[in-house]
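Enquirer: 3D model of this:
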Amino acid sequence: MADYQDIRGLRVKYLSADPTVTVGGEVWYNSTTGTLRSRLVSEAWISSSPMTTGRRYLAGFGTPTTAVAAGGASSPPAIVADVEEYNGSGWTTVTAMGTAKYSLSGCGTLTAGLVVAGAPPLTTTEKYDGTNWTTSSALNTGRSEASAFGIQTAAVLAGGAIGAGVSAVTEEYDGTNWTTSPGSMNTARKGLPAGGAGTLTAGIIYGGGVPAATGATETYDGSTWTSGNSMITARSGNFSAIQGTQTSALTGAGGGVTNVEAYDGTSWSAKPALAIVRNYAAGVGTQSTAIAFGGRNPGTVGLTATEEFNSTTNVITAGAWASGGVLNTGRMQGMGGGTQAAAIVAGGRVAPDNSSNASETYDGDTWTATPNLTTDRYGGSGCGIQTAALTWGGRKTAPGTTMSTSEEWDGSSWTATPSLNNVNNGAAGVGIVSAALNMGGFPTYSTEIYNGTTWTDQSTPTSPTLNNRGGAGTTAAAVTFGGSGPGSSKTTEEWDGSSYSAGGDLNVGRYFNNSSAGTSTAALGFGGYITPGSTAATEGYDGTSWSTRANLGTAKYALMGAGTATSALGAGGGPGFTTATEAFTGETSAANIETLTTS
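Expert: Residues are numbered from 1 along each chain as shown. Alright, predicted model coming up:
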């Protein structure tokens, strides 16, 4: 009988602790715990960051860390030209296509992509270079719900819907023109994955409707289609992991099912199912790493949801918000500081126009009331840590005036400190007690720096039309974003210690009232007010652009923020002066090490 060394070419190691570097299938004996241990391969779908615009009948191309979602039909029903890019963490809105369309098909890469066809039967072709879209030669046969595969300079489009009928026509693209192939599919069909798999001379398509859903599989060699083994589940409107090959493809969803299947060049086998029922979604990737996004289900005609598939020796946990402890005083528009497990909030609005002086600290589970501020205020700014914080500006209930006063927390009490040079309300505040930065605020939009003793006016205003903004960073490197002025803004400005420059726009315009955390190159903005109400949308900033993150559990605005871009806290907020707290943890990955047993 073969033993482990014969099978793996490795011996079982005798170790006092689990190794820090392992490979899949490696086995060792942990002498401390007296157990046989191994690093195992696991396969699973997890929830990832949502798209900005929910849609179905969209096209996708690229890879799981450089994906593009193009066109589709949004909810409420509208045909869109919207395009978003996925960076492995979240989605960013980019340049729209020249023509709004849905039921279109796509293939290629982030910097050399192709979208073609669409409904009503269209012949249009557009190419993407990672920044801009250009129109190319038209198809010979207009259609929708077809399947595309290949690259921008060597692509194939097959099948689709033409009016009320279905097509078996195949066309090939050389980067300039489309030519009808002499080989038609064996089974005419529509409802195909918008992106197929493979190359111009080794492609594959599967599923679709004829008009009933089918599991039929066909491969293409550059001139002829050959029928192969059918999928386990017949389906129409399924997605495809379009970086797959003719001998290694992945598909799922469609027709109201969640099951996923993989193809090895001969037969289909079951893979872990999706969490969300969806059809007419898009997908990119391979059998080991893929994402599915958008689509529709019975409850939502334009999904924003993204799911990520990994076949890996790591356990990957999706980024998410979770409920935390309850504030003693429900409020919004207060100051926040510290970390997710050691935070402080103070002040805030506790009624339609009543300010508060209440102060509380958080240990990761429970909020504890602490000595009050010396001056009640709301719309004030703040920064610091749980044992050394600063707050300034804001408005007082009576007589309702905007203030310039400042005060400092030393871990046991609040003490008045020198005032700002300008009165302000709704500024973004970042930094620490000995190096704090005020960015903007109504009515002066001024920038001031505090050195622990004195505030100094920098004579450099932020955008003169925006207040109630978010902010992150330090006195030498900060970012401020969003705001009201009037309406909800997408504007981002970066501070380098002496002046502001334009940063990348938010995907969702809103005002934050300091519902933010992080640094200038790793910031998080969450919730906010968008006319006419609040949002649960969360976005992360990498120093250049914003991309989506997991939504808050409840839409709200004017939360008090603390922490980092991967470990943040949002407390309170409106509407309703809530006492709720939510904690954000970014995606994590850890080795999948298990104890082996005989059971």
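
Enquirer: Might you list the low-confidence residue ranges for this protein?
Expert: Scanning the chain for pLDDT under 70 picks out 1-10, 599.

Enquirer: Any buried residues in stretch 569-581, and which?
Expert: By 16 or more other C-beta atoms under 10 Å, the buried positions in stretch 569-581 come out as 569-574, 577-581. Heads up, the C-betas are built off the backbone N, CA and C, glycines and all.

Enquirer: Next, the distance between the ends of it.
Expert: End-to-end distance of stretch 569-581: 7 Å, with C-alpha to C-alpha, to the nearest Å as the criterion.

Enquirer: ok, back up a step: tell me which entries of the buried residues of stretch 569-581 lie within strands.
Expert: 569-571, 581 (DSSP state E).

Enquirer: Go through those and say which is closest to G208.
Expert: Using C-beta to C-beta, G570 comes nearest to G208 of those, at 44.4 Å.

Enquirer: wait, which of the buried residues of stretch 569-581 is closest to T465?
Expert: G574 (22.9 Å).

Enquirer: so what's the closest residue to that closest one other than its chain neighbours bridging to?
Expert: Of all residues not flanking G574 in the chain, M332 sits nearest, at 4.3 Å (C-beta to C-beta, 6 or more residues apart in numbering). Counting by DSSP bridges, M332 forms beta bridges with R349.

Enquirer: tell me the contacts of M332?
Expert: 348-349, 378, 513, 557-560, 572-574, 577-578 (C-beta atoms under 8 Å, 6 or more residues apart in numbering).

Enquirer: farthest pair in these?
Expert: Among these, Y378 and T578 lie farthest apart (C-beta to C-beta), at 14.8 Å.

Enquirer: would you turn the contacts of M332 into a markdown table with distance to S356?
Expert: Shown next, in a markdown table, are the contacts of M332 (distance: C-beta to C-beta, whole Å):
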| residue | distance to S356 |
| --- | --- |
| G348 | 5 |
| R349 | 7 |
| Y378 | 7 |
| N513 | 14 |
| Y557 | 17 |
| A558 | 13 |
| L559 | 15 |
| M560 | 12 |
| G572 | 10 |
| G573 | 14 |
| G574 | 13 |
| F577 | 10 |
| T578 | 14 |
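
Enquirer: ok, now how distant is G285 from P298?
Expert: The spacing between G285 and P298, counted by C-beta to C-beta, to the nearest Å, is 26 Å.

Enquirer: Looking at those two, which one has more neighbours?
Expert: G285 (24 against 7; other C-beta atoms under 10 Å).

Enquirer: P64 is in contact with that one, correct?
Expert: Yes - using C-beta atoms under 8 Å, G285 is in contact with P64, at 4.5 Å.

Enquirer: what is in contact with those two at once?
Expert: In contact with both G285 and P64: I291, using C-beta under 8 Å, 6+ apart.

Enquirer: quick check, M97 in a strand?
Expert: No - according to DSSP: H, G, I helix; E, B strand; the rest coil, M97 belongs to no strand; its state is coil.

Enquirer: show me the contacts for V210.
Expert: 166, 187-190, 216.

Enquirer: which of those has the most neighbours?
Expert: Most surrounded of these: other C-beta under 10 Å gives R189, at 30 neighbours.

Enquirer: Which residue is the nearest non-sequential neighbour of F577?
Expert: Nearest to F577 is G330, by C-beta to C-beta, 6+ apart, at 4.2 Å.

Enquirer: Quick check: which element contains that neighbour?
Expert: Using DSSP states H and E, G330 sits within no helix or strand.

Enquirer: S147 reaches S167, doesn't it?
Expert: No - counting by C-beta under 8 Å, S167 is not a contact partner of S147; they are 10.9 Å apart.

Enquirer: Please identify the buried residues of stretch 136-153?
Expert: 136, 139, 141-152.

Enquirer: what does stretch 157-174 give?
Expert: 157-162, 166-173.

Enquirer: residues in contact with the residue nearest to F577?
Expert: 350, 572, 576-579.

Enquirer: rewinding a little: for G34, state which of the buried residues of stretch 569-581 is nearest.
Expert: L569 (40.5 Å).

Enquirer: which residues pair with that closest one across the strands?
Expert: Beta bridges link L569 to A562, A583 when assigned by DSSP bridges.

Enquirer: For N422, see how far away it is.
Expert: From L569 to N422 the distance is 29 Å (C-beta to C-beta).

Enquirer: Note down every partner strand of the helix or strand harbouring T415 and its orientation.
Expert: Element membership of T415, judged by DSSP H and E, is strand 414-417. With DSSP bridges as the test, strand 414-417 is paired with strand 406-409 (antiparallel).

Enquirer: Give me the distance from the partner strand to the chain's centre.
Expert: 36 Å (C-alpha atoms, centre = their mean, to the nearest Å).

Enquirer: Contacts for that strand, please.
Expert: By C-beta under 8 Å, 6+ apart, strand 406-409 touches 344, 346, 359, 373-375, 384, 387-393, 414-420, 433, 450, 455.

Enquirer: Among the residues you listed, which lie within strands?
Expert: 344, 346, 359, 384, 388-392, 414-417, 450, 455.

Enquirer: Export only the CA atoms of stretch 417-432, formatted as PDB.
Expert: Extracted in PDB, the C-alpha atoms of stretch 417-432 (Å, rounded to 0.1, in the frame of the first residue of the first chain):
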ATOM      1  CA  THR A 417      -8.100  74.900  25.000                       C
ATOM      2  CA  PRO A 418      -7.300  77.900  22.600                       C
ATOM      3  CA  SER A 419     -10.000  78.600  20.100                       C
ATOM      4  CA  LEU A 420      -9.800  78.400  16.300                       C
ATOM      5  CA  ASN A 421      -9.100  81.600  14.300                       C
ATOM      6  CA  ASN A 422     -12.400  81.100  12.500                       C
ATOM      7  CA  VAL A 423     -15.800  79.900  13.600                       C
ATOM      8  CA  ASN A 424     -16.800  76.800  11.700                       C
ATOM      9  CA  ASN A 425     -19.500  74.100  11.500                       C
ATOM     10  CA  GLY A 426     -19.300  70.800   9.700                       C
ATOM     11  CA  ALA A 427     -15.500  70.700   9.000                       C
ATOM     12  CA  ALA A 428     -13.500  67.500   8.500                       C
ATOM     13  CA  GLY A 429     -11.100  66.900  11.400                       C
ATOM     14  CA  VAL A 430      -8.100  64.600  11.400                       C
ATOM     15  CA  GLY A 431      -4.800  64.000  13.300                       C
ATOM     16  CA  ILE A 432      -3.900  63.800  17.000                       C
END
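
Enquirer: So which bits of it are buried?
Expert: For stretch 417-432, by 16+ other C-beta under 10 Å, it's 417, 420-432.

Enquirer: Over to stretch 239-259?
Expert: Quick answer for stretch 239-259 (16+ other C-beta under 10 Å): 239-246, 248-255, 257-259.

Enquirer: Repeat that for stretch 215-228.
Expert: 215-220, 225, 228.

Enquirer: so what are the domain limits for the protein?
Expert: 53-300, 325-579 (automatic domain parsing).

Enquirer: Kindly reformat these as TSV and extend each row with distance to T20.
Expert: Below are the domains of the chain laid out as TSV (distance: least, C-beta to C-beta, whole Å):
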stretch	distance to T20
domain 53-300	23
domain 325-579	22
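
Enquirer: closest to V12 out of those domains?
Expert: Comparing those by C-beta to C-beta, domain 53-300 comes nearest, at 26.8 Å.

Enquirer: end to end, how far does that closest one reach?
Expert: For domain 53-300, the end-to-end distance is 13 Å (C-alpha to C-alpha).

Enquirer: if we can go back for a sec, joint contacts of S147 and S167?
Expert: 159-160.

Enquirer: Need the ones in strands among the buried residues of stretch 569-581 in a markdown table (columns: distance to L524).
Expert: Shown next, in a markdown table, are these (distance: C-beta to C-beta, whole Å):
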| residue | distance to L524 |
| --- | --- |
| L569 | 10 |
| G570 | 9 |
| A571 | 14 |
| T581 | 15 |
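
Enquirer: so which of these comes closest to L200?
Expert: G570 (49.6 Å).
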